[in-house]
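Participant: Would you be able to build a 3D model of this:
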Amino acid sequence: MAEASITSVVPDDEGKEKYKKSEHVAFYRRQIQGPNRLYRTLLDSMVLNENGAQFEILETDTQTKLLLVLSPCKNNTIRILIDELHPVKERYRVQNVISVEPQSERVRVEKQTKDSVTLSWSTGLYQARVWCFPFHIEIQCEDEVITTFNPKNKLWFETLQDPKTSTLSVVEEDSNSLWKETFRQFVDYKTNGPSSVGADLRLHGSSHVYGLPEHADQLKLRDTRDGEPYRLYNLDVFAYELNSRLGLYGSVPFVLAHSPNRTLGVFWLNASETFVNVHYSSTDKDESTPPLKRRRVQPHTDLHLLSESGVIDCRILLGPQPKQVFSQYAQLTGYQSLPPLFALGYHQCRWNYDDESDVKAVDAGFDLHKIPYDVIWLDIEHTDGKRYFTWDPVHFPKPAELQRHLQKKKRKLVVISDPHIKLDPDWSLFCEARDSGHFLKDREGKMFNGTCWPGESCYLDFTNSATRAWYSRLFSLNNYKGSTSSLFVWNDMNEPSVFDGPEQTMPKDAVHFGGWEHREMHNMYGFYQQMATADGLITRSGGQHRPFVLSRSFFAGSQRFGAIWTGDNVATWDYLRISIPMVLSLSLAGIAFCGADVGGFVQDPEPELLVRWYQAGALQPFFRGHSAKETKRREPWLFGQDVTAAIRITIQQRYQLLPYWYTLFYWAHTMGQPLLRPLWVEFPTEEQTFNVDNEYMIGDALLACPITDPGVEQISVLLPGTKEIWYDIQSLKVHKGGRNVALPVTMDTVPVFQPIPLSLTVMLNSQGFAEGALYLDDGFSFKYQDTKAFCLRSFKMDSHKLCSRPLSEEGSFDSDTFIQLVTIIGLKRNPATLVVQVSGIEERRVFEFDESRCVLTLDNLNLKVVKDWDIQIGAKRQIVVPVVVVLRLPLSEHKGLNGLKAFC
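Facilitator: Coordinates of the predicted model:
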């Protein structure tokens, strides 16, 4: 939990009391207090069409009819869509999140009785049984029920009302908060009256569920019967409370349920305020029968999802394996964008660097201390009076020259661009936005005014495609004076943050383009700003260069536009520790390019904490050091030589692993696979991994276990896989899997690698086999898509031969990258000969063999990465080979150990 002494950076901040809990939310109270509504499926209303099957369902008390559309899809997902049959007006449906609506399967009736109808499709592996009364749907796989929709009759659907004709009482004192809701001094007027929706699902066979970012909590979702539900409502929460289920900066309404036999996903496509209750089954035994006759009762998890408005649009992802669920989700919401290569390096940020000379001094400091970095950042003070797209004329008078200074070293500049626009009638950008209707309006139709960093501000309506296009054009070099093509963008405060608004955000009754209330799409506001910013940077380059955009707020699908980070954390060990499950949760929900501010945004870290945070941050996809203006300066060389050396080594090792990170991003971009993975993703049947959230896999080859406690001299690491061989990548010591190992650690416990150019480390499994891949392109353009200018290579060791071959014949890319060093780990005996073959030419090579560590080293190879080549190991005696292929980048079928000895 954040310490009481922390001073908020928000002016006149009233602390955490400004945020709601579930008891303060009227629609949540109504649904929880009930009573439950019973629905009947009108089976004779069934229509089968190209979208699946549709039914009318009847609420038995009010006789209200709803329309159910059940759509099995070819990507092994099922869509359950429920809307009003005859609404008084159209209800809001989320736009722009589903990248491509999957093709529906044609369904057929397998069985029908007076009580139910059973539908199947395709091969008949899966079926959906729709029950008449009470209405519920069972999803079956080979006659086993795996998911039930509405098992406890929690279906809730408040139909829209016309206040002129509504039978609901519309009075000044609305005791049920149906038309007007008050929180503190804020009043929320509801134009359409109550409009909330809700439903429950039972996930059979699962007792572990994950997802629902963003919350500062453990990875496995907690049972909510003992406290608050998980809240999905994007808010600016400074120094957020830890171990909390309250809403933070972003929301992804996606849950994964995992068991040794199956992984399922549930995607609740709704952008309004949402709560999720999680209830795990209380026992796995039938206590009603004598002990000798007891049978194991299948566990299950009940989800109850409640949203303030919209429709019910629930997608069930059938898996059945974790990586299949990831792929299914990516097919729905889009794949992680492939970032420019520089974005995977180290980023140096502070609120704020004082002026151009300060930026140049920090830049020179990295060179002086031989610490690599790629990007330096400017916060809000770089602008002219916090007017975005401007520069402070005193402190940043020559911004283009500054960018060219950095670009000479192939470094980039990132500047902040928030969604609020300073209300300044003398500023041409404000006037243009006002006159073109690009600002949100209040409920009375006037331009909405709120306060943020510039003072009184107006907020751009990014839900309007015309506004997004206008905003995108602002990033052109002609419009954004002082910018160059090496300038990239940071979207902050885009929940949106409104200092004088309810819960420090936009009032729900503010009005967007099309007349939609803000309540309908609150959680997508930041999503739309990041979309418009990414489009602007792409347009700036004429569609040739990949953008880099960091956003604090996000929704499902935000992965298509760039990176996110975990917001305003604190320089304590607790915040370092919680950052790991937070980024793992984001990764499971498709947000692969994520990270936490290294060192903590507020307060001053002690040197040991700073080093450990750098070591942990280097093992996360987005790697940025950031600090608030009230903190002491925190450049890596300001804490003494020992700290500087430790941070230097950590950052250097990050760069040595860049080929591996970049290859993982390629798989995320094309296959939907996360970079960071809880252990159970790679070891789905090993239940001891299901609750682990202090260590994780990076791809399928590295296991990371950062140190997150002070004064640690030894740490225990779980090495899963009873048939696996694990290698400590610093000492190359071999460990068997399926056990916990104790490892001694020091402040220098980080991996030690050979320097670039490129080295290949091969760690064989017990069968003498290893394989991996490497992806290369130009690192910045879209040519990998447009002209297939990329290289995807396979490295495989089998039968004593290491081969490099194309993994895909589709791409073509010439690279001057050479492999100079190959290290093969796991050879039991000294080989008699070693032959390298390139283009049909064989050459015997001299090698070194360390018999005590079973390591063979082959140096000075000059093997071109994009060419085919073989290394044949000959032996007088039998060789037992265990291997990985590491291009500063372990690649393997086997798992590499990156535990405390490695990166923590």
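Participant: going forward, measure contacts between C-alpha atoms and count neighbours the same way
Facilitator: Will do.
Participant: what about residue 78, which SS state?
Facilitator: With DSSP: H, G, I helix; E, B strand; the rest coil as the basis, residue 78 sits in strand.
Participant: so where's the protein uncertain?
Facilitator: Applying pLDDT under 70 to the chain flags the ranges 1-5, 16, 166-175, 283-296, 749-758, 875-904.
Participant: and residue 83, bridged to which residues?
Facilitator: Counting by DSSP bridges, residue 83 is bridged to residue 67.
Participant: Isn't it up against residue 65?
Facilitator: No - if you go by Cα atoms under 8 Å, residue 83 and residue 65 don't touch, sitting 9.2 Å apart.
Participant: Give me the most central residue, the protein.
Facilitator: Geometric centre of the chain, nearest residue: residue 591, 2.0 Å, by Cα atoms, centre = their mean.
Participant: Spell out, range by range, the strands that occur in the stretch 501-650 of the chain.
Facilitator: Ranges of strands within the stretch 501-650 of the chain are 549-551, 563-565, 594-595, 623-625, based on DSSP state E, counting those that start in this stretch.
Participant: Report all helices and strands that the shortest one contacts.
Facilitator: Helices and strands in packing contact with strand 594-595 are listed as strand 563-565, helix 573-588; criterion 3 or more Cα pairs under 8 Å, 6 or more residues apart in numbering; DSSP states H and E.
Participant: What strands flank it, and is each parallel or antiparallel?
Facilitator: strand 563-565 (parallel).
Participant: Can you give me the buried ones in the strand it pairs with?
Facilitator: For strand 563-565, burial by neighbour count (16 or more other Cα atoms under 10 Å) applies to 563-565.
Participant: got a markdown table for the strands of the stretch 501-650 of the chain, with distance to residue 58 too?
Facilitator: Shown next, in a markdown table, are these (distance: least, Cα to Cα, whole Å):
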| stretch | distance to residue 58 |
| --- | --- |
| strand 549-551 | 43 |
| strand 563-565 | 43 |
| strand 594-595 | 44 |
| strand 623-625 | 53 |
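Participant: circling back to that earlier point, minimum distance to residue 267: which of the helices and strands packed on strand 594-595 has it?
Facilitator: Closest of the helices and strands packed on strand 594-595 to residue 267 is helix 573-588, at 12.3 Å (criterion: Cα to Cα).
Participant: how near is the residue lying closest to residue 545 once chain neighbours are set aside to residue 541?
Facilitator: With Cα to Cα, 6 or more residues apart in numbering as the criterion, residue 545 has its nearest non-adjacent residue at 4.2 Å, and that residue is residue 781. Applying Cα to Cα, to the nearest Å, the value for residue 781 to residue 541 is 10 Å.
Participant: Those two: which is more packed in?
Facilitator: residue 781 (21 against 15; other Cα atoms under 10 Å).
Participant: what helices or strands is the longest strand belonging to the chain leaning on?
Facilitator: As assigned by DSSP state E, the longest strand anywhere in the chain is strand 39-49. When contacts are defined as 3+ Cα pairs under 8 Å, 6+ apart, strand 39-49 packs onto strand 52-59, strand 107-112.
Participant: Residue 453 is nearest to which of these?
Facilitator: Among those, strand 52-59 comes nearest to residue 453, with 48.8 Å by Cα to Cα.
Participant: Output the closest one as PDB, restricted to C-alpha atoms.
Facilitator: Output of strand 52-59 as PDB, limited to C-alpha atoms (Å, rounded to 0.1, in the frame of the first residue of the first chain):
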ATOM      1  CA  GLY A  52     -26.000 -19.200 -36.200                       C
ATOM      2  CA  ALA A  53     -29.300 -19.400 -34.300                       C
ATOM      3  CA  GLN A  54     -31.600 -16.700 -32.900                       C
ATOM      4  CA  PHE A  55     -34.300 -17.000 -30.200                       C
ATOM      5  CA  GLU A  56     -36.700 -14.700 -28.400                       C
ATOM      6  CA  ILE A  57     -36.400 -14.900 -24.600                       C
ATOM      7  CA  LEU A  58     -39.200 -13.700 -22.300                       C
ATOM      8  CA  GLU A  59     -38.900 -12.100 -18.900                       C
END
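Participant: can you give me the helices in the stretch 651-800 of the chain?
Facilitator: Applying DSSP state H, counting those that start in this stretch to the stretch 651-800 of the chain gives helices spanning 658-671, 679-682, 783-786.
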